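Asks: 3D, please:
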Amino acid sequence: MKISLKNCNFGFEELKALGHIVSGFRLGMEKNKLAEVTVFEKTQERIEAYEKIIKALAEAPLLLIPDWNVPFELYVDACGDGLGAALHQVQIIDEKPTEGTVCYISRQLKSTEARYGASQMECSCLVWALDKLHYYLDDSVFELITDCTSVKSLLSMKTPNSHILRWQIVIQVYRGNMTIVYKAGKPDKSSD
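Replies: Below is the predicted model:
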């Protein structure tokens, strides 16, 4: 441990440290930290923005009851923070085709997954989503929609390493019912 003289104070009755006043007799807040909070101007633009946020928070997205006769769409996406997936379906509601969400799933990355490259992370997300949503996807036709081309090439890899081989085995179960569709960019914001 090193001590720097420029960071040390000697012979003071009280010191200011981290927004507090420290002395031999008391510990308190600095006066300027206790000052009244500045007034927030209420403009029409700010009021509308606030109401828009409250409305968006109050209106939960409507989830559909799955129709087992209609194909599903599985959107998967991975990023540096976590994995996400959304299961969609196009159903006829009031004689109009309506795309809706059946369910959302997400989770944080595990410490080992955080070290994966982008392609491995996307493939890991697919395997995790297939595992979590197998109740919906077993014996159902579905499209896998992703923004990563390596997911498509995962199944045709000739000499995979051990964990990619395990992923191939998991995905192989769905191969007859699954169509992989690549959409550049963000295919669906709900899976983020």
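Asks: contacts and neighbour counts: CA atoms only from here.
Replies: Fine.
Asks: So this protein: which segments form each domain?
Replies: Annotated domains of the chain cover 9-58, 72-191 [automatic domain parsing].
Asks: For the first one, measure first residue to last.
Replies: Across domain 9-58, the terminal residues are separated by 53 Å (C-alpha to C-alpha, to the nearest Å).
Asks: where does Lys158 land on pLDDT?
Replies: In the predicted model, Lys158 carries a pLDDT score of 78.
Asks: tell me, how many neighbours does it end up with?
Replies: Taking other C-alpha atoms under 10 Å as the neighbour definition, Lys158 ends up with a count of 9.
Asks: Can you verify it is assigned to a strand?
Replies: No - read with DSSP: H, G, I helix; E, B strand; the rest coil, Lys158 is coil and lies in no strand.
Asks: what about dumping the CA coordinates of the least confident helix or strand in the chain by mean pLDDT to PDB?
Replies: When the helices and strands of the chain are scored by mean pLDDT, DSSP states H and E, helix 31-34 comes last with a mean of 74. Listed next in PDB are the C-alpha coordinates belonging to helix 31-34 (Å, rounded to 0.1, in the frame of the first residue of the first chain):
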ATOM      1  CA  LYS A  31     -24.600  22.400   2.900                       C
ATOM      2  CA  ASN A  32     -24.700  22.600  -0.900                       C
ATOM      3  CA  LYS A  33     -25.800  18.900  -1.100                       C
ATOM      4  CA  LEU A  34     -28.800  19.700   1.200                       C
END
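Asks: Could you list the residues in contact with it?
Replies: Contacts of helix 31-34 with the rest of the structure, by C-alpha atoms under 8 Å, 6 or more residues apart in numbering, involve Gly19.
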